[in-house]
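Asker: Model the following, please.
(2 chains)
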Amino acid sequence: MGTVLVHIDLDGDRLDRSSLSALAAGRAVATSWGATLYAALLVHGTPAARLSAEKHQAELGRFGADKVVLALSDTPLVPLWSALAGAWQAVLDQLRPRLVLFGADAASATELAPRTGARLGARLFMRARPLGGDDVELRDRDGGYVRSTDSGAAVVLVGGSHRTSPGDSGVDILTIAAAEPADSRVELVGTAAIDVVHSTGVIVALDDASAADPQIATEATKLAHLLGGTLVGGPQAARDKVIATTNVIDHNAPLAPELCIAIGTPAVDLAGVTSLVRIGPITGLHGRGLDGALPAPIARSLQQLRDELESSS
Amino acid sequence: MAWLGAGAPLRTIRWLDGTLAAAATFGGETYAIAAGDATWLDLAGDRATRAGVTFVGIETDLNLDYLGWGQVAAAAAAHLKAELILVDEASRPERVAEVAAIADVADAAQLTHVVSLSHDTDAIEAKRVAGATLQTIRVRGSAVLGLRIPGPAIEDYPTPTPTASRRRYELGEIGLDATVLAHRSQPPRANREPRKSVERVAELLAGHVIPGRRGNG
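Answerer: Take a look at the predicted model:
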């Protein structure tokens, strides 16, 4: 019943963990729907890069892939549509997938997933997770879903942690060459590391009173770690050594991460946050535009939240 | 041209102002386009006028998905002969996907998560965030850029002010048929009432848990 395709990113020379989690989710869906599960890896087509990628074949099989696709590009690959489009389009043309999955936190997902949806005329789902027993569906945070009975294609960014029972490491590999060269209109001229990412990912923001409470500070640190987020706050939090000095946020600095958990009432501009959760007393304007709210006592709410997340992942 | 989207910002107009300010630096004939209801068009038109950018509103009650709005924005850009489309990506979560949809229809280069922008006669230089990396990219030719560039801090969400000078397009004027476009209508989604139990908040956050990671490190 059609093809489920999972895009696999590389993190250095290792398989990206978010992509592997998407592959595990894809396994659950493909088994339920009676579909074939392909894992596609885009690589620069040099002999060394190709050999390195072929080494990942067995691991992808163990994570549930029925078949592995190696898409070769003539140009070095960076997480930009312009660089990846040629090889990726060749995969889409060859497989004509009904469902395409990306790891929501994989490096190239933001650039690749929506454009893939546009190419396929597909519905798009952000941070969806597989739910259900025998009849698996993918459900996103807004209540949208993908089911086996749906017509048309769907592209899904899979969020969270998913595991699968070990599969067969001896899977077939299919090699495809890029359909078109990289887009010459876009030229990457440099990259630099960032200490604190203000405009993507997850941020956990503490106010000074919360930072001064050892129990809250410890729980906030654990929650940030679990979510791969950055713990930020004011200068007092840095003086208390709860956050790094590089993570001190000026009260006028605008934050626009995908998710922010505001603990207490941190003096930062949270207006550009996609999803906002507050923990602690909520008064007046602090209640506007919230996606989630948990009451004081803060330490207890944080601990219960972490327990719940750990037990469900 | 700046595409301001089909709905008012969720929490602040800072990012809307930032996109308009970035568009204004290009000078010449620069347009800001928004679609949707009259209240939103009044707000968008007011902010565009303050930024010195010509505003064009497309009044419609359609509720489209990212591909539908992508068609609308790309059709407006083609009508205005705009080669560069700046998208206010931060004001609403669905706007990120519209960058790709517009670029695909317009056969343009795309860049998401752009946090700063400069230009010379030859090319645009954009800095974009990719994970924990800042990429510096030069773009030539037609392109769609998703911006996360803030304007100045504003205390209150402003009251929309109708602008008499607002230009207005009907969908037909930019070559679109509302009946055909309606095939990209979105079903109503769950309301945005905040989740108030540990279980419900955990459901929201579960999609962000790093695979294989525990809170204890």
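Asker: got a list of what residue A:125 touches?
Answerer: Contacts for residue A:125 were tallied using CB atoms under 8 Å, 6 or more residues apart in numbering or on different chains; they are A:138, A:140, A:144-146, A:154-157. Quick note: C-beta positions are derived from backbone N, CA and C, even for glycine.
Asker: Just name the closest of the residues you listed to chain B, please.
Answerer: residue A:144 (6.4 Å; CB to the nearest CB).
Asker: before we move on, back to that, okay if I get the contacts of residue A:125 as TSV plus distance to chain B, pLDDT and secondary structure?
Answerer: TSV is the format used below for these (distance: CB to the nearest CB, whole Å; pLDDT from 0 to 100; DSSP: H, G, I helix; E, B strand; the rest coil):
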residue	distance to chain B	pLDDT	secondary structure
A:138	11	94	strand
A:140	8	89	coil
A:144	6	87	coil
A:145	10	90	strand
A:146	13	92	strand
A:154	12	97	strand
A:155	9	98	strand
A:156	11	97	strand
A:157	9	96	strand
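Asker: Now, of these, which are buried?
Answerer: A:138, A:140, A:144-146, A:154-157 (16 or more other CB atoms under 10 Å in any protein chain shown).
Asker: so, in contact with chain B or not, the lengthiest helix in chain A?
Answerer: Identified as the longest helix of chain A according to DSSP state H is helix A:17-33. Yes: interface with chain B: helix A:17-33 contributes A:17-18, A:20-21 (CB under 8 Å from any CB of the partner chain).
Asker: try stretch A:73-86
Answerer: Yes: using CB under 8 Å from any CB, we find that stretch A:73-86 touches chain B at A:78-82.
Asker: Now for those residues, which sits with the most neighbours around it?
Answerer: residue A:81 (25 neighbours; other CB atoms under 10 Å in any protein chain shown).
Asker: who's in contact with the spatially closest residue to it that is not a sequence neighbour?
Answerer: Leaving out its chain neighbours, the residue that sits closest to residue A:81 by CB to CB, 6 or more residues apart in numbering or on different chains is residue A:111, at 4.6 Å. Residues counted as contacts of residue A:111 (CB under 8 Å, 6+ apart) are A:79-81, A:84, B:100, B:110-112.
Asker: what about 7 Å?
Answerer: Residue A:111 makes contact with A:79-81, B:112 under the criterion CB atoms under 7 Å, 6 or more residues apart in numbering or on different chains.
Asker: now do residue B:37
Answerer: Going by CB under 7 Å, 6+ apart, the list of residues near residue B:37 reads residue B:61.
Asker: before we move on, back to that, can you tell me the element the residue nearest to residue A:81 falls in?
Answerer: helix A:109-120 (DSSP states H and E).
Asker: chain center to that helix: distance?
Answerer: 14 Å (CA atoms, centre = their mean, to the nearest Å).
Asker: so when I look at residue A:183, I'm seeing a strand, right?
Answerer: No: if the criterion is DSSP: H, G, I helix; E, B strand; the rest coil, then residue A:183 is coil and not within a strand.
Asker: any idea of the pLDDT on it?
Answerer: Looking at residue A:183, its pLDDT is 92.
Asker: Dihedrals phi and psi, the residue lying closest to it once chain neighbours are set aside?
Answerer: The shortest distance from residue A:183 to any non-neighbouring residue, by CB to CB, 6+ apart, is to residue A:82 (3.7 Å). For residue A:82, the backbone dihedrals (degrees, to the nearest 10) come out as phi -60, psi -30.
Asker: my guess is residue A:82 meets residue A:187, correct?
Answerer: No: using CB atoms under 7 Å, residue A:82 makes no contact with residue A:187, being 8.7 Å away.
Asker: circling back: pLDDT score for the residue nearest to residue A:81?
Answerer: Residue A:111 is given a pLDDT of 95.
Asker: what's the distance between it and residue B:200?
Answerer: Separation of residue A:111 from residue B:200 (CB to CB, to the nearest Å): 31 Å.
Asker: And residue A:3, by the same measure?
Answerer: 35 Å.
Asker: Looking at the two, which is more packed in?
Answerer: residue A:3 (18 against 14).
Asker: contacting residues for that one?
Answerer: A:35-36, A:38, A:95-98.
Asker: How about the contacts made by the residue nearest the centre of chain B?
Answerer: Nearest to the geometric centre of chain B sits residue B:88, at 3.3 Å (CA atoms, centre = their mean). Residue B:88 is in contact with B:2, B:4-5, B:15-16, B:19, B:95, B:147, counting by CB under 7 Å, 6+ apart.
Asker: Identify the bridge partners of it.
Answerer: residue B:147 (DSSP bridges).
Asker: Tell me which stretches of chain A form helices.
Answerer: Using DSSP H, helices in chain A cover A:17-33, A:47-54, A:57-62, A:81-95, A:109-120, A:208-211, A:214-226, A:235-239, A:298-312.
Asker: how near is residue A:10 to residue A:49?
Answerer: 10 Å.
Asker: State the pLDDT value of residue 201.
Answerer: This is for chain A. 82.
Asker: oops, I was thinking of chain B
Answerer: pLDDT, read off for residue B:201, is 94.
Asker: so it touches residue A:292, yeah?
Answerer: Yes: taking contacts as CB under 7 Å, residue B:201 lies within contact range of residue A:292: 4.1 Å.
Asker: Need the overlap of contacts for these two.
Answerer: A:277, B:195.
Asker: The lowest-mean-pLDDT helix or strand in chain A - contacts with which helices or strands?
Answerer: When the helices and strands of chain A are scored by mean pLDDT, DSSP states H and E, helix A:47-54 comes last with a mean of 77. Helices and strands touching helix A:47-54, by 3 or more CB pairs under 7 Å, 6 or more residues apart in numbering or on different chains; DSSP states H and E, are strand A:36-44.
Asker: list the helices and strands the strand it packs on packs on?
Answerer: Packed next to strand A:36-44, using 3+ CB pairs under 7 Å, 6+ apart, are strand A:3-8, helix A:17-33, helix A:47-54, strand A:67-73, helix A:81-95.
Asker: Quickly run through the sheet partners of the helix or strand bottoming out on mean pLDDT in chain B, with directions.
Answerer: For chain B, the helix or strand with the lowest mean confidence is strand B:167-169, at a mean of 89 (criterion: mean pLDDT, DSSP H and E). If you go by DSSP bridges, strand B:167-169 pairs up with strand B:54-59 (parallel).
Asker: Perfect, I'm done here.
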